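Using only what follows, build the 3D model:
(one chain, ligands or ions: 2)
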Amino acid sequence: MKILVIGSGGREHALAWRLAQSPRVSHVFVAPGNPGIAQEEGVHCVAVDGIDAWLELARREEVAFTIVGPEAPLAAGIVDRFQAEGLAIFGPNREAAQLESSKYFAKEFMRRHGIPTAHFATFDDVTRAHAYLDEVGAPIVLKADGLASGKGVVVAQTLAEAHAALDHLMGGHFGQAGRQVVIEEYLSGEEVSFIVMADALQVLPFATSQDHKRLHDGDAGPNTGGMGAYSPAPLVTPTLHGRIMRDIILPTLQGMAQEGHAYTGFLYAGLMVTPDGNVKVLEYNCRLGDPETQPLLMRLRSDLVDLVEAALQGRLDQATIDWDRRPAIGVVLAAPGYPDAPQSGALISGLNEASADTHVFHAGTHHESGHWVTRGGRVLCVTALGDTLKTARHHAYERVQKIHFDGMQYRQDIGWRALKPNLSQP
Ligand code: AMP
Ligand code: GLY
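Ligands and ions are numbered 1, 2, ... in the order given. Have a look, this model is predicted:
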């Protein structure tokens with residue numbers, strides 16, 4: 001069986017690596033992929049971009065199905081296009097992908113269906129939005145309505161910051177995405193990533209995970225796409241898990257189906273567990289998380305091909321999912337200047353050493369004249385399993401120490417929330 005994965009980052013590397021291990025799979029194609037992904041046995045990167053080219057590739061190679069990694073093709077309607085051509089693809093169609101592609105849609109949807117989320121107001125008029133900020137004060141959160149590659153959210157601690165952020169978001173830098181802005185209540189607490197596979201009303205939850213969004217240790221510095229992740233997240237007890245399914249995931253799927261946008265694909269709810277034990281939705285993503293996917297797929301024991309097939313055939317309710325009981329952790333190595341102005345072209349050393357239960361997923365690398373060089377913001381995600389989270393963390397950082405490129409940025413404290421109060425140095 002042949003499978004196509006769309007995307008080119010660490011998440012897609014992990015997907016391709018896991019899919020290629022299925023005894024049922026002969027070829028995994030990744031488009032456009034990256035040179036690190038192309039190193040995996042049974043995996044072939046095809047440097048083509050855009051829905052037309054992907055359609056043509058899927059047809060030519062007669063792939064059994066396609067999995068979409070990033071949000072942009074989903075928001076652009078890749079699923080609608082493939083389905084119109086009779087090609088199997090796992091992901092939400094364009095309408096359903098609005099859960100991620102429009103913050104306005106997502107917030108109004110949650111309001112309509114009583115799904116817990118921060119209080120909010122939406123504006124397309126910048127003057128009224130400024131007046132509203134003066135009324136509600138800080139801290140406050142501002143979100144550009146549309147997709148903005150993770151740069152459209154500002155958590156403003158002061159009113160001055162909030163006003164400046166508003167001018168920035170609505171000032172034309174974000175094009176259509178900044179035409180509307182959602183201003184919402186600041187929530188404190190601990191974030192978790194809750195990812196499920198869904199097909200209309202059928203759902204199969206993944207193991208829990210937690211991301212580290214800020215650039216620096218101790219959750220300081222600017223927001224990034226994610227600097228590291230681990231699974232499971234002990235914060236999500238079985239009781240909390242049940243509540244999240246009952247109060248958030250099921251009402252989301254029911255609401256989408258009721259509104260005529262039945263949701264198929266990976267659904268990722270970014271949740272805030274507040275100090276009083278309540279859970280609220282910060283955002284929906286219509287895809288797997290990056291870097292959460294890397295530790296999650298290190299732990300996945302079930303055949304991902306069987307699971308996607310079950311979803312595509314409407315039998316997800318009969319599927320079971322098996323996880324390695326060992327925790328996994330992924331540490332992102334980012335380029336200097338990331339996230340604002342990442343610099344490419346640095347020579348990477350130390351990639352050839354292998355160690356058991358550790359895998360280095362490539363996100364922004366390039367291979368030239370026999371050398372690995374950096375290309376892009378997040379460069380690598382060093383991922384490891386261990387008997388305990390502490391051991392997994394030790395394995396990951398041991399591997400990190402062997403890798404070098406000039407200006408390499410990474411967090412030393414991935415997993416700290418789960419390891420507190422006795423966090424040891426890696
Ligand atoms: P989003 O893309 O909406 O998840 O926002 C990106 C990040 O901003 C989240 O992962 C949180 O760290 C932070 N954030 C978003 N909304 C809020 C909120 N209402 N209160 C506090 N932090 C938030
Ligand atoms: N790790 C956060 C995301 O994938 O959006």
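
can you give me the helices for the stretch 101-250 of the chain?
Using DSSP state H, counting those that start in this stretch, the helices of the stretch 101-250 of the chain run over 103-113, 126-136, 159-170, 238-244, 250-258.

what about dumping the CA coordinates of the fourth one to CSV?
Taking only C-alpha atoms (Å, rounded to 0.1, in the frame of the first residue of the first chain), the coordinates of helix 238-244 have been written out as CSV:
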residue,chain,number,x,y,z
PRO,A,238,-8.8,10.2,34.1
THR,A,239,-11.5,12.4,35.7
LEU,A,240,-10.4,15.4,33.8
HIS,A,241,-10.1,13.4,30.6
GLY,A,242,-13.7,12.3,31.0
ARG,A,243,-14.8,15.9,31.5
ILE,A,244,-12.8,17.1,28.5
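
Save the helices of the stretch 101-250 of the chain as JSON lines, and put in mean pLDDT and mean neighbour count too.
For glycine as for every other residue, the C-beta is placed from the backbone atoms N, C-alpha and C. As requested, the helices of the stretch 101-250 of the chain are exported to JSON lines (pLDDT from 0 to 100; neighbours: other C-beta atoms under 10 Å):
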{"stretch": "helix 103-113", "mean pLDDT": "97", "mean neighbour count": "19"}
{"stretch": "helix 126-136", "mean pLDDT": "96", "mean neighbour count": "14"}
{"stretch": "helix 159-170", "mean pLDDT": "94", "mean neighbour count": "18"}
{"stretch": "helix 238-244", "mean pLDDT": "97", "mean neighbour count": "14"}
{"stretch": "helix 250-258", "mean pLDDT": "98", "mean neighbour count": "18"}
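
Any idea which of the ones you listed gets closest to ligand 2?
helix 103-113 (13.3 Å; C-beta to the nearest ligand atom).

The closest one - contacts with which helices or strands?
On a contact count with 3 or more C-beta pairs under 8 Å, 6 or more residues apart in numbering; DSSP states H and E, helix 103-113 meets helix 98-101, strand 120-123, strand 181-185, helix 250-258, strand 279-285.

Now these in a markdown table, please, with extra columns for distance to Leu389.
Compiled in a markdown table, the helices and strands packed on helix 103-113 are given as follows (distance: least, C-beta to C-beta, whole Å):
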| stretch | distance to Leu389 |
| --- | --- |
| helix 98-101 | 29 |
| strand 120-123 | 35 |
| strand 181-185 | 32 |
| helix 250-258 | 29 |
| strand 279-285 | 22 |
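
I'd like those written out as a markdown table, with distance to ligand 2 added.
Below are these laid out as a markdown table (distance: least, C-beta to the nearest ligand atom, whole Å):
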| stretch | distance to ligand 2 |
| --- | --- |
| helix 98-101 | 9 |
| strand 120-123 | 19 |
| strand 181-185 | 17 |
| helix 250-258 | 17 |
| strand 279-285 | 5 |
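
ok so, going back, indicate which one of the helices of the stretch 101-250 of the chain is closest to ligand 1.
Judged by C-beta to the nearest ligand atom, the one of the helices of the stretch 101-250 of the chain that comes nearest to ligand 1 is helix 103-113, at 6.9 Å.

quick one: that closest one near ligand 2?
No - if you take C-beta under 6 Å from any ligand atom as the test, helix 103-113 misses ligand 2, and the best it gets is 13.3 Å.

can you count the residues close to whatever residue of the stretch 151-300 of the chain ends up closest to ligand 1?
At 3.4 Å from ligand 1, Glu283 is the closest residue in the stretch 151-300 of the chain, using C-beta to the nearest ligand atom. The number of residues packed near Glu283 is 17, by other C-beta atoms under 10 Å.

what do you get for Leu333?
Leu333, neighbours per other C-beta under 10 Å, totals 25.

Name the residues linked to it by a beta bridge.
Leu380 (DSSP bridges).

In contact with it, which residues?
By C-beta atoms under 8 Å, 6 or more residues apart in numbering, Leu333 lies in contact with Arg378, Val379, Leu380, Cys381, Val382, Val400, Ile403, Phe405, Met408, Gln409, Tyr410.

Out of those, list just those in strands.
Among the contacts of Leu333, DSSP state E puts Arg378, Val379, Leu380, Cys381, Val382 in strands.

Any chance of TSV for those residues, columns distance to ligand 2, pLDDT and neighbour count?
As requested, the ones in strands among the contacts of Leu333 are exported to TSV (distance: C-beta to the nearest ligand atom, whole Å; pLDDT from 0 to 100; neighbours: other C-beta atoms under 10 Å):
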residue	distance to ligand 2	pLDDT	neighbour count
Arg378	10	97	26
Val379	16	98	30
Leu380	15	98	29
Cys381	11	98	31
Val382	16	98	26
